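Trainee: no sequence for this one, just the structure:
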C-alpha cells in the first residue's frame, strides 16, 4: 500500500516524453472533425484497435497519421495543455518535453505556429501552478542530415525557449553518427544533447551516441546490458538512461513487464529513470509506468524512491533545484513510511 501512496504523493520528473505522442484519441477525432480530415477510422473503438501495433515502424505510421490533425496554433496549445494538466495530476513538478518540428514543417506548418501554441500552454501552466519545464527539439533520424540542419536554422528565433536537441524516430538503419555534425553545431549554440539509442538498435548505437554525438543522456538504452564494457562505461560516467517501461512492452522490446530489466539495471547502479515516452499510444502516463512496475516487478519503496531521485539527478535542472526536490522526496517519503509503520 505504501508504494502506491508514494507513487501518487512524491514529486517527480519526466525526461522522455514526446508531446505528439500524448495526442489522445478523443482529441485526434475532435481535431480531424474541426479540420475536415478523413481518418481511416470512424470511431474511438476503431482507433483503439489500431493501437495494437506490431513494432516501432507500425507505431510510427500511426503516430504520423495522428500528427496530421495538428494544424493551427490552438491545436498545439490543446495538445500541450492536456499533457501539462496530466503532469499536475501525476505530481510531475518538472518535465523535459520532446517535440518533432519536422513532423510539422514537412506538412507546411511553420515553427511560429507550433511554438506559439506550445509556449502559450507552458506559460499558462507555469503561471497557474508553477509547472517547470524544458523543451527538447528532436530531429527525425529517418530524414537527412540536411533536413536536420534546416530545422536547427529554422529554430534560431526560438532558441531561448529550447534547452536541448534530441534524436528519435526509426532507429534501425539510422545510426547516431549520421547526425554528428548537426549535434556539434547544436552544442556550439549551448544546447544540451540527448539521443534515442539501444531500444531497437544495438549497443553500438549507444556507443555512437556517446562518442559521435557527445550526448548528456541516452534515451531508452535498455540494450546496454548486452555489452558489459558499455555498462561499465555508463556507470563510471554516470550517464543517465531514460527508460520507458510501458513503451518497451508495447513495442515488444520485452514480451511482458515481468521480463523488463529496469530494476536489474538500477541495482547495477546504472542511472536509470522512468518515463512515459508516448503515453496515449503506449497505455499510460508516468504514474501508470511506476504502478505497472510495482505490480509486475514487485518494485519496493526503496527502489521507487531511488528511481524518482535518479530522475531529478538526470534532469537539466540546476544543482540547487535538484537538491531542493530530492530533499522534498526524502521528507515526504519518510513521513509516509513512518505513518505506514505507526
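Mentor: Thanks, I have the structure now. These figures come from a predicted structure and were not determined experimentally. Numbering: from 1, shown residues only.
Trainee: so where do the strands sit in the stretch 201-342 of the chain?
Mentor: 217-220, 241-243, 272-274 (DSSP state E, counting those that start in this stretch).
Trainee: looking at these, which is nearest to residue 44?
Mentor: Closest to residue 44 of these, according to C-beta to C-beta: strand 272-274, at 28.1 Å. To be clear about C-beta, it is placed using only N, CA and C from the backbone, and glycine gets the same treatment.
Trainee: okay, now the sheet partners of that closest one, with direction.
Mentor: strand 241-243 (parallel) (DSSP bridges).
Trainee: kindly reformat the strands of the stretch 201-342 of the chain as a markdown table containing mean pLDDT and mean neighbour count.
Mentor: Formatted as a markdown table, these follow (pLDDT from 0 to 100; neighbours: other C-beta atoms under 10 Å):
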| stretch | mean pLDDT | mean neighbour count |
| --- | --- | --- |
| strand 217-220 | 98 | 27 |
| strand 241-243 | 98 | 28 |
| strand 272-274 | 98 | 27 |
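Trainee: so which of the ones you listed is nearest residue 332?
Mentor: That would be strand 272-274 among the strands of the stretch 201-342 of the chain, by C-beta to C-beta, at 17.4 Å.
Trainee: list the contacts of the closest one.
Mentor: 13, 15-16, 240-245, 262, 265-266, 286, 289-290, 293, 307-308, 310-311, 314 (C-beta atoms under 8 Å, 6 or more residues apart in numbering).
Trainee: and if you look at stretch 207-215?
Mentor: Residues from elsewhere that reach stretch 207-215 (C-beta under 8 Å, 6+ apart): 167, 175-177, 179-180, 183-184, 187, 193-195, 197, 218, 227, 230, 233, 239.
Trainee: isn't residue 329 up against residue 311?
Mentor: No - between residue 329 and residue 311 there is no contact under C-beta atoms under 8 Å: 9.8 Å.
Trainee: so for these two, which sits in the more crowded spot?
Mentor: residue 311 (28 against 21; other C-beta atoms under 10 Å).
Trainee: please tell me how far that one sits from residue 274.
Mentor: 7 Å (C-beta to C-beta, to the nearest Å).
Trainee: again with residue 175
Mentor: Counting by C-beta to C-beta - residue 175 and residue 274 are separated by 26 Å.
Trainee: one more: residue 176?
Mentor: Going from residue 176 to residue 274 by C-beta to C-beta gives 23 Å.
Trainee: same check on residue 143?
Mentor: Relative to residue 274, residue 143 is positioned 29 Å away (C-beta to C-beta).
Trainee: any idea of the mean pLDDT for stretch 180-196?
Mentor: On average, the pLDDT along stretch 180-196 is 98.
Trainee: so what touches that stretch?
Mentor: So stretch 180-196 is contacted by 136, 139, 141, 145, 148-149, 152, 159, 162-169, 171, 176, 209, 212-220, 242, 316 (C-beta under 8 Å, 6+ apart).
Trainee: so who does residue 121 touch?
Mentor: 76-78, 80-81, 84.
Trainee: just checking, residue 322 touches residue 314?
Mentor: No - at 9.4 Å, residue 322 does not count as touching residue 314 under the criterion of C-beta under 8 Å.
Trainee: out of those two, which sits in the busier spot?
Mentor: Comparing residue 322 with residue 314 by other C-beta under 10 Å, the one with more neighbours is residue 314, at 23 against 19.
Trainee: state the distance from residue 233 to residue 239.
Mentor: For residue 233, the distance to residue 239 - C-beta to C-beta - is 7 Å.
Trainee: the two - which one has more neighbours?
Mentor: residue 239 (21 against 15).
Trainee: wait, the more buried one touches residue 232, no?
Mentor: No - applying C-beta under 8 Å, one finds residue 239 not in contact with residue 232, separated by 11.1 Å.
Trainee: who's in contact with residue 34?
Mentor: 69, 75.
Trainee: what separates it from residue 272, distance-wise?
Mentor: Counting by C-beta to C-beta - residue 34 and residue 272 are separated by 40 Å.
Trainee: for residue 89, same thing?
Mentor: 24 Å.
Trainee: quick one, grab the pLDDT at the closest residue in space to residue 101 that isn't next to it in sequence.
Mentor: The shortest distance from residue 101 to any non-neighbouring residue, by C-beta to C-beta, 6 or more residues apart in numbering, is to residue 151 (5.2 Å). Each residue has a pLDDT score; the one for residue 151 is 98.
Trainee: quick one: contacts for residue 151?
Mentor: Residue 151 sits in contact with 101-102, 105, 137, 139, where contact means C-beta under 8 Å, 6+ apart.
Trainee: sounds good, over and out.
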